[in-house]
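Visitor: kindly generate the corresponding structure for this input.
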Amino acid sequence: MQAPPFFPWIALSLYRNKYRIETTRLRSWDYTRAGWYYVTIVVKDRKCVFGDVMKSRMVHSYLGKKVDLFWNAIPDHHKGVDLDEYVIMPNHLHGIIIIHGNRDVFRRDVPLNVSRFSAISPKKGSLSVIVRTFKGAVRRWALSNGHPEFEWQERFYDHIIRNDRDLHRIRIYIANNPMKWALDRENPFGGRP
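Guide: Presented below is the predicted three-dimensional model:
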């Protein structure tokens, strides 16, 4: 049986953009492009499941230790990717992902015979695919190892690191994050208003 043709204007008229969620990614940027990217990934409902901050130091739970292993395994699963400074907090992770460039991805206009969905899907080697793969691996492990309630927030924050000064500022922020947990906006028991 042949799939019915896809007519995007029908979807737009049915939903009138009501359920459409705009991307937070920079539209003019190719996220497979070589660069340094700062990301923040948050647990759904900001549940503190990765451990706790004690005396300005992060003490990981068993799940937090597994998240650390999965994070450090990212370069093993993504060619041309390295990691820099990172910290796993009670309910979120800050980290720097370095993409050296993906020469295997040939960028061009999408031919007419390719479905609209494959045209808008994240590309192999992109920041979105790297983060999605990491989040999926942690979620699968959690589900099969006694943490069925664990879920990530749907999206993630990213910042393209533009120069050495920006990199230095972000590295310091990441390193000092446990010391500032009491003021952190992700802290459900404190944080800024």
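Visitor: so the residue nearest the centre of the chain, which state does it fall into?
Guide: The centre of the chain sits closest to Val131, judged by CA atoms, centre = their mean, with a distance of 3.9 Å. Under the three-state scheme (DSSP: H, G, I helix; E, B strand; the rest coil), Val131 adopts helix.
Visitor: what pLDDT does the residue lying closest to it once chain neighbours are set aside get?
Guide: What sits nearest to Val131 in space, not counting adjacent residues and going by CB to CB, 6 or more residues apart in numbering, is Phe156, at 5.3 Å. For glycine as for every other residue, the C-beta is placed from the backbone atoms N, C-alpha and C. The confidence metric pLDDT takes the value 92 at Phe156.
Visitor: contacts only, for Phe156.
Guide: Phe156 makes contacts with Val39, Thr40, Ile41, Val42, Val131, Lys135, as judged by CB atoms under 8 Å, 6 or more residues apart in numbering.
Visitor: show me what the fourth one is bridged to.
Guide: This points to Val42. Val42 has these beta-bridge partners by DSSP bridges: His92.
Visitor: how about the helices in the protein?
Guide: 8-15, 62-72, 74-77, 116-120, 127-144, 164-176 (DSSP state H).
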